[in-house]
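In: Dropping a prediction and its sequence here:
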Amino acid sequence: MELIVLPVEAWAERVAGDLVERLRSAPDLRLCLPTGDTPAPVYAALAARLESGEASLERATIVLLDEWVGLGPDDAARCDGRLRRELLERVSPGPAAFHPVRVDELAPEQAAARHDDVAAGGLGLTLLGLGANGHVGFNEPGSTADSPTRVVTLEAGSGDAAVARYGAERVPEAGITLGVARLMASDEIWLLVSGARKAEILDQALRGPVGPDVPASFLRSHPRLRVIADTAAAALVTR
Ligand code: F6R
């Protein structure tokens, strides 16, 4: 595991710069991307770099990490809508393909199965945020290393966050997430962590017992895991 700790002012630019480098060396990269507060400044920095011609998404494929079930297509918290607004609509050309989770057209179980088929085509680089409860994607506590892509019952805090932090009109019924096993099959994983409120859970994920209580801990056995944290998030890990 590689741990990179940066001052908050430099953090998003560094992640965006590293992404540009990856896209330059592998223009047809298959990227799995999260949404939420953590990656938002990274996407802003990346969009600016792509628009200034440092690299392009033209040949890249983007696979969404997860999606809420029970929110309308225009809900502010929808993961596909956020990724479009924060990155995809800000860059031209856009990616060769973008794969959202098909929650509007399909029943949740079918949408999960369809999305797993997409991800089974291979993921070159997966970016993840870290939930305050240790989740990655919507792999909530209780998830195991072999958890498949599936419909997940959300912990109360995760569902409430959709309303309180992301502006959802209602608490989502459930989530659909790529499973831990699918994420671990990615060639490379970058775990992005920012802010003091993640310090305790990052410490548990990186130094506590590996197991279902903190699903992010499973990432430690990935051969190419990079953790990119700001100073506040890494405060306990680097203690
Ligand atoms: C979002 C996702 C979640 C978030 C996590 C952290 O696509 O998969 O696992 O990454 O809940 O959320 P933020 O970044 O808003 O603190």
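Out: Great, that's in hand.
In: Now do the helices in this structure.
Out: Taking DSSP state H as the criterion, the chain contains helices spanning 8-25, 40-51, 79-86, 108-120, 156-164, 180-184, 199-207.
In: And these: which comes nearest the ligand?
Out: helix 79-86 (5.4 Å; CB to the nearest ligand atom). Glycine gets a C-beta too; all of them are placed from N, C-alpha and C.
In: Can you give the distance from that closest one to the centre of its chain?
Out: 12 Å (CA atoms, centre = their mean, to the nearest Å).
In: Packing partners of that helix?
Out: helix 40-51, strand 61-64, strand 66-69 (3 or more CB pairs under 8 Å, 6 or more residues apart in numbering; DSSP states H and E).
In: Minimum distance to the ligand, which residue of this protein gives it?
Out: For the chain, CB to the nearest ligand atom, closest residue to the ligand: residue 129, 2.4 Å.
In: That residue is in contact with residue 42, isn't it?
Out: No: contact criterion CB atoms under 8 Å: residue 129 and residue 42 do not qualify, at 10.0 Å.
In: anything in contact with each of these two?
Out: Taking CB atoms under 8 Å, 6 or more residues apart in numbering as the contact rule, residue 129 and residue 42 both touch residue 192.
In: Which of these two has more residues huddled nearby?
Out: The residue with more neighbours, out of residue 129 and residue 42, is residue 42; 27 against 22, by other CB atoms under 10 Å.
In: what does stretch 177-185 contact?
Out: So stretch 177-185 is contacted by 32, 63, 65-66, 115-116, 119-120, 123, 126, 128, 136-139, 143-150, 152, 189, 215, 218-219, 221-222 (CB under 8 Å, 6+ apart).
In: Straight-line length of that stretch, end to end?
Out: 14 Å (CA to CA, to the nearest Å).
In: So which residues make contact with the helix-or-strand element of the chain with minimal mean pLDDT?
Out: Least confident helix or strand of the chain, by mean pLDDT, DSSP states H and E, is helix 156-164 with a mean of 94. Helix 156-164 is contacted from outside by 68, 71, 77, 131-133, 135, 138, 140, 168-172, 175, using CB under 8 Å, 6+ apart.
In: Which ones, among those, also lie beside the ligand?
Out: The residues of the contacts of helix 156-164 that also fall near the ligand, by CB under 6 Å from any ligand atom, are 131, 135.
In: Select only the buried ones of the contacts of helix 156-164 in ChimeraX?
Out: Selection of buried members from the contacts of helix 156-164 for ChimeraX, criterion 16 or more other CB atoms under 10 Å:
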select :68,71,77,131,133,135,138,140,168,171,172,175
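In: just the contacts of helix 156-164 now: which is nearest residue 228?
Out: Of all the contacts of helix 156-164, residue 228 sits closest to residue 131, with 16.6 Å by CB to CB.
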